[in-house]
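Visitor: sequence? don't have it. structure:
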């Protein structure tokens, strides 16, 4: 009788954000090999495989999906499984494809485009939009807003959500792309799957913790001048997760309540907006 043999199993992955809580593994049950992924993060993650598995004397009972979305705090999510064709012959997995991991659900195509965001600063304050959507300094092909404001200004949540990432240890900034990685920020996941980032915060200026659910208008941090910045300001952007582009995101325009809160509009560059609500 010929001896069955499982070939060397191989897979590699690339983490596109600083986390280590996503893990793929397999279990063998007689002539079947099953792959699972655990996602211990507090947010959904998307797995994108680089190709199809390479098999020897095995079959795939199901179509192998190259993009898979994992719920937050979930274990043993079945990725795929393979069954030996002829158990009397050599069989196994020659190679599993490499994969990349992305924050959020990259399959999302729609979101709540009518949601009314609140201006991200305290009531009674007014600030100028120094750079708007598709701005010439650092917003080329990007839907982001820069509010000029003194360092240490209280920043408030424009929308309720889950804090999924914070950086606040940096203390440097400069007006070139060389400093882009030195910015402090807060990332908040919204109920429709979009993610907002509040950038260039002051060193140790974050007032919330990862895993905290924040309310709209809650103070979340202090503005600063860290990262790619030519002066103290707040950079606000909202985006859909994506596996394309330099920053793995598709930035979107957001409607803001302005003045006394009865008017809703897209903010315009070089215009000053007040918050009286």
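Guide: On my side now, so go ahead. This one's a predicted model, so the numbers in the text were calculated from it and none came from an experiment.
Visitor: ok now do the spatially most central residue of the chain, which residues does it touch?
Guide: Nearest to the mean C-alpha position of the chain, by CA atoms, centre = their mean, lies residue 103 at 3.9 Å. Counting by CB atoms under 8 Å, 6 or more residues apart in numbering, residue 103 touches 16-17, 43, 45-46, 164-165, 195, 241, 248. Backbone N, C-alpha and C define where each C-beta goes, glycine included.
Visitor: Give the closest residue to residue 229 in space, chain neighbours not counted.
Guide: Leaving aside its chain neighbours, residue 229 sits nearest to residue 173 (4.4 Å; criterion: CB to CB, 6 or more residues apart in numbering).
Visitor: how far away is that neighbour from residue 222?
Guide: Plainly put, residue 173 is 14 Å away from residue 222 if you go by CB to CB, to the nearest Å.
Visitor: Kindly report the same for residue 99.
Guide: When distance is defined by CB to CB, residue 99 is 38 Å away from residue 222.
Visitor: Same question for residue 156.
Guide: Separation of residue 156 from residue 222 (CB to CB): 11 Å.
Visitor: tell me the mean pLDDT for stretch 240-259?
Guide: Averaged across stretch 240-259, pLDDT comes to 89.
Visitor: Spell out the residue ranges of the strands in the stretch 151-277 of the chain.
Guide: Ranges of strands within the stretch 151-277 of the chain are 154-156, 161-167, 173-174, 185-189, 195-199, 201-206, 213-214, 219-223, 227-228, 233-241, 249-252, 255-258, 263-265, 272-274, based on DSSP state E, counting those that start in this stretch.
Visitor: between those strands, which one is nearest to residue 129?
Guide: strand 272-274 (6.8 Å; CB to CB).
Visitor: Can you give the strand pairings for that closest one, parallel or anti for each?
Guide: Sheet pairing of strand 272-274 (DSSP bridges) gives strand 126-131 (antiparallel).
Visitor: Just list what whichever helix or strand comes after the strand it pairs with packs against, helices and strands only.
Guide: Using DSSP states H and E, the helix or strand that follows strand 126-131 towards the C-terminus is strand 144-148. Using 3 or more CB pairs under 8 Å, 6 or more residues apart in numbering; DSSP states H and E, the elements in contact with strand 144-148 are strand 126-131, strand 233-241.
Visitor: What are the buried residues along strand 144-148?
Guide: Neighbour-count burial for strand 144-148, counted by 16 or more other CB atoms under 10 Å, picks out 144-147.
Visitor: Need the residues you listed in a markdown table (columns: distance to residue 275 and pLDDT).
Guide: Listed next are those as a markdown table, based on distance: CB to CB, whole Å; pLDDT from 0 to 100:
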| residue | distance to residue 275 | pLDDT |
| --- | --- | --- |
| 144 | 19 | 90 |
| 145 | 14 | 94 |
| 146 | 17 | 94 |
| 147 | 11 | 96 |
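Visitor: And the furthest pair within those residues?
Guide: 144 and 147 (10.7 Å).
Visitor: Now list whatever residues contact both of these two.
Guide: Common contacts of residue 144 and residue 147 (CB under 8 Å, 6+ apart): residue 236.
Visitor: Going by neighbour count, which of the contacts of residue 103 are buried?
Guide: Burial by neighbour count, judged by 16+ other CB under 10 Å, picks out 16, 43, 45-46, 164-165, 195, 241, 248 from those.
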